[in-house]
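**Q** Generate a structure from the sequence data that follows.
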Amino acid sequence: MRPIGINTWVWTSPLTDATLPPLLATIADLGFDGVELPLENTGDLDPARTADALAATGLRAWVVGAMAPGRDLVATTPAAVASTQDYLRSCIDLAAAVGAPAVCGPFYSSTGRTWRATPAEREQLWLDWRTALTPVVEHAAERGVAVGIEPLNRYETSLVNTVEQGLTGLGPLLETHPGAVGLALDTYHLGIEQRSSADALREAGRHLVHLQVCGSDRGAPGGDQADWPGIAKALDEIGYEGGLTIESFTPDNAAIAVAASIWRPLAASPDDLARDGLAFLRALLAPGAAS
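**A** Predicted coordinates:
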């Protein structure tokens, strides 16, 4: 069965050395196989201490980055590109240190940044993006980590909204650096931008690095509008063996609530959201459930 994890953003932000151990204990006690670790700022998590905390709970890990204002690889200054590349390298180094197979996120421009572009302008933006992303992907390849590029919905970016745009924008990087770069998809964004989430997964195919799952309201998966049996069937068809991680957000942190447009509680408590989502995913992924 594919491993099921959860992002610590369900409970807190930012994640730090101080908050990590008790939160990992809670996640393990709830029955998850793994955890998605957001590195919001370089230095928030010490790699060695993080590895020890994971070993103490037996949880596997994935790492996600946060494209805060000023983190951009396109349509910005050379200094901003360089600092963003350095930040992404720190995410990759953390992943390598804790044995995480992937670092995922919208690694092209800061979340919430949108602008109109003609087809020709978009092609140039994608070229600039590939140029800036290449040394990051090379750093990941040297450390045995995959970079998963996440398309976001139209309200959070105007550069990469769909699987097709992600694959087209990455272009030759997918062939020159096989296994080191691909797509990280999120069912929330798929539900807004794709006509069929299942078909979008099929389109991603072998380039799917990681999958985040949540309900259509950003809460726990299950009982929402998403075609979960279709999603599970598509994962089987493309031979995806990676993890499924619940990504939702606490409304108690002002910065993250605004960034993710979380204006109300999505469950009675973070533990309830986690528990309900895990139970649903276990049932969904049970042998024969998607047939």
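**Q** just the helices in the stretch 151-291 of the chain please.
**A** For the stretch 151-291 of the chain, applying DSSP state H, counting those that start in this stretch gives helices covering 163-170, 173-176, 187-193, 197-204, 228-238, 254-260, 270-285.
**Q** could you redo those helices as TSV and give each row distance to residue 211, mean neighbour count and mean pLDDT?
**A** Glycine gets a C-beta too; all of them are placed from N, C-alpha and C. Shown next, in TSV, are the helices of the stretch 151-291 of the chain (distance: least, CB to CB, whole Å; neighbours: other CB atoms under 10 Å; pLDDT from 0 to 100):
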stretch	distance to residue 211	mean neighbour count	mean pLDDT
helix 163-170	12	20	98
helix 173-176	18	15	97
helix 187-193	7	22	98
helix 197-204	8	21	98
helix 228-238	7	18	97
helix 254-260	18	15	76
helix 270-285	11	19	97
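**Q** Quick one: closest of the ones you listed to residue 111.
**A** helix 254-260 (5.9 Å; CB to CB).
**Q** Tell me how far that closest one lies from the chain's centre.
**A** 16 Å (CA atoms, centre = their mean, to the nearest Å).
**Q** do stretch 71-86 as well
**A** 20 Å.
**Q** could you give me the average pLDDT of that stretch?
**A** Per-residue pLDDT values over stretch 71-86 give a mean of 98.
**Q** Give me the distance between the two termini of that stretch.
**A** 10 Å (CA to CA, to the nearest Å).
**Q** hmm, back to that, please convert the helices of the stretch 151-291 of the chain to TSV, extending it with distance to residue 65.
**A** Listed next are those as TSV, based on distance: least, CB to CB, whole Å:
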stretch	distance to residue 65
helix 163-170	16
helix 173-176	17
helix 187-193	16
helix 197-204	19
helix 228-238	24
helix 254-260	13
helix 270-285	22
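**Q** Check this structure for its longest helix and report it.
**A** If you go by DSSP state H, the chain has its longest helix at helix 119-142.
**Q** For that helix, which outside residues touch it?
**A** Applying CB atoms under 8 Å, 6 or more residues apart in numbering, the external contacts of helix 119-142 come out as 73-75, 81, 84-85, 88-89, 92, 103, 107-108, 117, 146-147, 159, 168-173, 177, 179-181.
**Q** go on, stretch 174-185?
**A** With contact meaning CB under 8 Å, 6+ apart, stretch 174-185 is reached by 102, 104-105, 133, 137-138, 140-141, 145-151, 163, 166-167, 170, 173, 200-201, 204, 206-212.
**Q** Now a PyMOL select for only the buried ones of those residues.
**A** In PyMOL, this line selects whichever of those come out buried by 16 or more other CB atoms under 10 Å:
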select buried, resi 102+104+105+133+137+140+141+145+146+147+148+149+150+151+163+166+167+170+173+200+201+204+207+208+209+210+211+212
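**Q** What residues sit buried inside stretch 26-43?
**A** 26, 27, 28, 32, 33, 34, 35, 36, 37, 38, 39, 40.
**Q** how close does the second one sit to residue 172?
**A** With the distance defined as CB to CB, to the nearest Å, residue 27 ends up 38 Å from residue 172.
**Q** got it, and the first one?
**A** Counting by CB to CB, the separation of residue 26 from residue 172 is 43 Å.
**Q** what bridges to the nearest residue to residue 65 once chain neighbours are set aside?
**A** Leaving aside its chain neighbours, residue 65 sits nearest to residue 105 (3.9 Å; criterion: CB to CB, 6 or more residues apart in numbering). Note on residue 105: beta-bridge partners by DSSP bridges are residue 149.
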